[in-house]
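Colleague: Structure for the following, please:
(chains A, B and C)
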Amino acid sequence: MIEVQEITKQYGDKVVLDKVGLQFNKGKITSLIGGNGAGKSTLLSVISRLLSQDGGVVLVDEKNVTEYKSKVLAQRLSILKQSNHVRLKLTVRELVSFGRFPYSQEKLNKEDILMVDRAIDFLNLKDIENSYIDELSGGQKQRAYMAMVVAQDTEYILLDEPLNNLDMKHSVQTMKIMRKLADELGKTIIIVLHDINFASHYSDYIVALKEGKIIYHDTTENIIREDVLRDVFDINIKICEFESKRICNYY
Amino acid sequence: MGVADITVADIINWDVEKISLISISRIPRTAALILAGVGMSVSGVIMQQMTQNKFVSPTTAGTLEAAKMGLLIFFIYTSAAGMALKLLSAFLFTFLASIVFLAIVRKIKHRNVIFVPLVGLMFGGIIGSISTFLAVRLNIVQDSNAWMMGDFSGILQGRYELIYLSLPAIVITYLYANKFTVIGMGEEFSKNLGLNYNSIMNIGLFCVSLTVSSVVITAGAIPFLGLIIPNVVSLIFGDNLKKTLPLVALTGAIFLLICDVFGRIIIYPYEVPIGVTVSIFGAIIFLFLLWKRR
Amino acid sequence: MEKALVIRRNLIIALILLIGSALLFLFYKMGNSWEFAIRFRGIKVVAIIVVAGCVAFSSVTFQTLTNNRILTPSIMGFESLYLLIQTIIVFVYGDQTFKVLSHFSNFAISVSGMIIFSFLLYLMIYKKGKDNLYLLLLVGIILGTLFSSLSSFMQLLIDPNDFFIIQGKMFATFNKINNGLLWPSLTIMVIILFIGFRMSKYLDVLALGRDQAINLGLNYNRVVKFFLVFIAILVSVSTALVGPITFLGLLVTNLTYELFKTYKHSVIIIACFLVSAISLLLGQFIMERVFNLSVPISAIINIVGGFYFMYLLLRVKKL
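Modeller: A predicted model of the protein is given here:
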């Protein structure tokens, strides 16, 4: 389980995270929502040790993140941030194979190759697995990186606004894959999303941040409500039910 | 240069010899110091506005090296001592180098803000190594170092007036300050606001090139001024150009005067060239600025 | 896999070219005193190998660490410091320089000076990782500018006759290499390259960027520090052996990446080594036979490298 306690982070006078504490439910998808500058991405970066906090503790499986050997932590927790501008001559398959680095350090054994194959199939990349990543479209690149994370086969997967560069079809595809990972493979997934409707449709739990503090943490059902969302986003949102799912209209 | 003691009493008593010393050496020197201080600092401001980058300055954009190259090329082709022609040569090279630099900056703008001065320094390094190479071939390395060394001890009435050319540049900068900022935001943005991007850019580069060349010819290269003075002023007083530009000018002049006095006192009666004192203080202040930024 | 075979073939071609160039260099028009010629040229060949190795490894690594193909490690201030040290030495000893200070002592002082400088630099700046790599470079360059000013100042005070000693050090040249320096340099290079090469898989991961490197389990700060130390040592040795050769790294890395389309650093480093050595050998050969040594090779490299640098910056393709 991932737990954060009293996390604070500030840049100069600006407090970005203010004594944030929570536990993430295992085997479920939890979305982080909030306005710009609420602290969502920062929190994700702190959890994944991409950023060091000014105060507080991050615990993964009850052990402090700083006490883990990097390699071991990389086998438990993975993070995918915004698409990277890499100009390397890497094929999709080679990129996905990097996902096995925490285990075999570039010497891939049979098990690794199997995991890479599985990840490529999962993300429907079979037909472009030998193309160079600098020749792919934004959406394809994103899926390649996601396949790498899947190949990394970690219990906890963190994603920072993964749908930003994707069109509708691929956004839906991605979220469906996340659901598959959680439901079929029992992964714990934490996603920062800015599109409230995707959060509504695909997450089990939602955490709402405002000005560096957690103001709500509950099941999706209890968060997708007009009064709650007004509090989170400072905007009036109308909610309609459609085929037993809630859709938000804030236009 | 002779060091002499002049007291107020001498002036009142109209000691002719001493008065002429003041008018031939002291006043020009002081005037040159002030103009150089103001000119280089203000050039720094123009460049920073036009590139939207706090670390761009004549030192970190190859401008000083281009001026040196201009002088060197001039020396190769004429042994004449025409100051005006020297200025023209330095000016042309500086202007050209600035255009190239701006073109480079537009390509790499989206990167890390520190990347731009890094590239500028490398750019300056290229120009510098070509110059050095030429100087080696002509066997004038030591001499060319001497010209380029920022040094106000040789300023004499009749041989320094070119530096006054930086005055129009300073005035234009004050009048056009906001326009330079706008073109720093890009061609589309400027067009939107009705500004002629190219002509404003050329005016800005013209001012910078003229100022830098006239300072370099008169007193040599004074590194770091254009970099640190605007940054220090902006740290304390913010970024409202109309308000801070006069402050930048004032601070630049005062800083240079202090460095000059320091250089003259520390190994009295000899003098440390101002290029060295400014380099040392400039580097220290710049490092401090960087540290603060964290 | 087809690609691997192509790469291996290219490496072998490069190796053959290297051996060919070396033989050409050694044996072309030897004249009567062939024993002397071989010894004399042999020294140059070894020096070229050392420089090629140092430049290749340090430049490739540096570019990977900074995620950037247009920087070279020499911009961190090493070369300015080297010139400053040399200027101080001549300033202090004047024309007694060569009598008082053996080449080896000079070499040792220069290398130690540069390495100490790099450690201080890293200590001062590199506290918590993050964006600090670029900050490190900027500080290095500012200090480099400071060192240049100080050097210029001191050079003014030096007797013009003594000045020629310094002038000789401003540009890298393979013409005046001291035997005694070769073997220590070669040894250091071999050791560092050996260790560094074993760590090249980390460079592959680092090339994906800081975030991915950490995600995949690298102790980012520690690994980067290691490589920075290697770079410092290699650049110091190469500069102290033959002088400043600023843009060579830029030229050979980009050339290597054009010729060898792979991400694997184990291949790139070897390939770059071969490409550097071949370029230097052939370049020096042409300089000596065709232009009769009137131009130091590093001047040409700096000028060509300089224009290539600008081309890289100004072309339409993204960096």
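
Colleague: Okay, now the unreliable bits of the stretch 1-150 of chain B?
Modeller: Low-confidence segments of the stretch 1-150 of chain B (pLDDT under 70): B:1-19, B:79-81, B:109-111.

Colleague: what does it have sitting close to chain C?
Modeller: Residues of the stretch 1-150 of chain B lying near chain C by CB under 8 Å from any CB of the partner chain: B:55, B:59, B:100, B:103-104, B:107-108, B:111-112, B:114-115, B:117-119, B:121-123, B:125-127, B:129-130, B:132-133, B:136, B:141-142, B:145-146, B:148-149. The C-beta positions use only the backbone N, C-alpha and C, and glycine is treated the same way.

Colleague: Got a quick ChimeraX command for the buried subset of those?
Modeller: Listed next is the ChimeraX selection for buried residues among these, using 16 or more other CB atoms under 10 Å in any protein chain shown:
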select /B:55,59,100,104,107,108,114,115,117,118,119,121,122,123,125,126,127,129,130,132,133,136,141,142,145,146,148,149
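
Colleague: I'd assumed A:Lys9 was in a strand, is it?
Modeller: Yes: applying DSSP: H, G, I helix; E, B strand; the rest coil, one finds A:Lys9 inside a strand.

Colleague: Looks like it contacts A:Ser41 (just checking).
Modeller: No: with contacts counted by CB atoms under 8 Å, A:Lys9 stays clear of A:Ser41, the gap being 11.1 Å.

Colleague: Mind checking which of these two has more residues around it?
Modeller: The neighbour comparison of A:Lys9 against A:Ser41 (other CB atoms under 10 Å in any protein chain shown) goes to A:Lys9, with 22 against 19.

Colleague: mind listing what that one touches?
Modeller: Applying CB atoms under 8 Å, 6 or more residues apart in numbering or on different chains, we find A:Lys9 in contact with A:15-17, A:39, A:42, A:46, A:51, A:53-54.

Colleague: what's the distance between the residue of the stretch 51-200 of chain A found nearest chain C and B:Asn198?
Modeller: Nearest residue of the stretch 51-200 of chain A to chain C (CB to the nearest CB) works out as A:Ala74 at 2.9 Å. Counting by CB to CB, to the nearest Å, the gap from A:Ala74 to B:Asn198 is 52 Å.

Colleague: go on, B:Ile46?
Modeller: Distance from B:Ile46 to B:Asn198, by CB to CB: 16 Å.

Colleague: that older thread, more neighbours: A:Ala74 and B:Asn198, which one.
Modeller: A:Ala74 (23 against 11).

Colleague: wait, the more buried one sits on C:Asn219?
Modeller: No: judged on CB under 8 Å, A:Ala74 makes no contact with C:Asn219 at a distance of 10.4 Å.

Colleague: what's around the residue of the stretch 51-200 of chain C at minimum distance from chain B, how many residues?
Modeller: Using CB to the nearest CB, the closest approach of the stretch 51-200 of chain C to chain B is made by C:Ser149 at 3.7 Å. The number of residues packed around C:Ser149, counting by other CB under 10 Å, is 27.

Colleague: Could you find the closest non-adjacent residue to it?
Modeller: Among residues not flanking C:Ser149 along the chain, B:Ser279 sits closest, at 3.7 Å (CB to CB, 6 or more residues apart in numbering or on different chains).

Colleague: just to revisit the earlier point, so which of the residues of the stretch 1-150 of chain B next to chain C are in helices?
Modeller: Judged by DSSP state H, those include B:100, B:103-104, B:107-108, B:115, B:117-119, B:121-123, B:125-127, B:129-130, B:132-133, B:136, B:141-142, B:145-146, B:148 as members of helices.

Colleague: for chain C, what are the nearby residues on the stretch 151-251 of chain A?
Modeller: Within the stretch 151-251 of chain A, the positions near chain C by CB under 8 Å from any CB are A:Gln152.

Colleague: any idea where the helices of the stretch 151-251 of chain A begin and end?
Modeller: Secondary structure of the stretch 151-251 of chain A (DSSP state H, counting those that start in this stretch): helices at A:168-185, A:196-202, A:220-223, A:226-233.

Colleague: ranges for the helices of the stretch 201-319 of chain C?
Modeller: Taking DSSP H, counting those that start in this stretch as the test, the helices found in the stretch 201-319 of chain C are C:210-215, C:220-242, C:248-259, C:265-289, C:297-314.

Colleague: To A:Glu135, which of those lies closest?
Modeller: A:Glu135 lies closest to helix C:248-259 among these, at 16.4 Å (CB to CB).

Colleague: isn't A:Ala119 right next to A:Phe98, touching?
Modeller: No: between A:Ala119 and A:Phe98 there is no contact under CB under 8 Å: 11.1 Å.

Colleague: before we move on, back to that, neighbour-wise, which one of the contacts of A:Lys9 leads?
Modeller: The residue in those with the most neighbours, by other CB under 10 Å, is A:Leu17 (27 neighbours).

Colleague: Tell me who's in contact with residue 131.
Modeller: Defaulting to chain A. A:91-92.

Colleague: look at chain B instead
Modeller: Here B:Ser131 is in contact with B:65, B:68-69, B:72, B:144 (CB under 8 Å, 6+ apart).

Colleague: Could you list the alpha-carbon positions for the lowest-mean-pLDDT helix or strand in chain C in CSV?
Modeller: When each helix and strand of chain C is scored by mean pLDDT, DSSP states H and E, helix C:97-100 comes last, with a mean of 70. What follows is helix C:97-100, C-alpha atoms only, in CSV (Å, rounded to 0.1, in the frame of the first residue of the first chain):
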residue,chain,number,x,y,z
THR,C,97,60.3,27.6,-16.6
PHE,C,98,61.7,24.6,-18.3
LYS,C,99,64.7,24.3,-16.1
VAL,C,100,62.9,24.5,-12.9
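
Colleague: for it, packing partners?
Modeller: helix C:78-93 (3 or more CB pairs under 8 Å, 6 or more residues apart in numbering or on different chains; DSSP states H and E).

Colleague: residues in contact with the helix it packs on?
Modeller: Applying CB under 8 Å, 6+ apart, the contact partners of helix C:78-93 are C:97, C:100-101, C:106, C:109-110, C:113-114, C:117-118, C:143-145, C:147-148, C:150-151, C:154-155, C:157-158, C:162-163, C:165-166, C:169-170, C:232, C:235-236, C:239-240, C:243-244, C:246.

Colleague: Of these, keep whichever come out buried.
Modeller: Listed as buried from the contacts of helix C:78-93 are C:97, C:101, C:106, C:109-110, C:113-114, C:117-118, C:143-145, C:147-148, C:150-151, C:154-155, C:158, C:162-163, C:165-166, C:169-170, C:232, C:235-236, C:239-240, C:243-244, C:246; burial here means 16+ other CB under 10 Å.

Colleague: Just the ones in strands from those, please.
Modeller: Assignment to strands by DSSP state E places none of these there.

Colleague: Show me the shaky parts of chain C.
Modeller: C:1, C:97, C:124-132, C:291-294, C:316-319.

Colleague: what does it have sitting close to chain A?
Modeller: Checking chain C against chain A by CB under 8 Å from any CB, the hits are C:128, C:201, C:204-205, C:207-212, C:214-219, C:261-263, C:318-319.

Colleague: Done for today, thanks.
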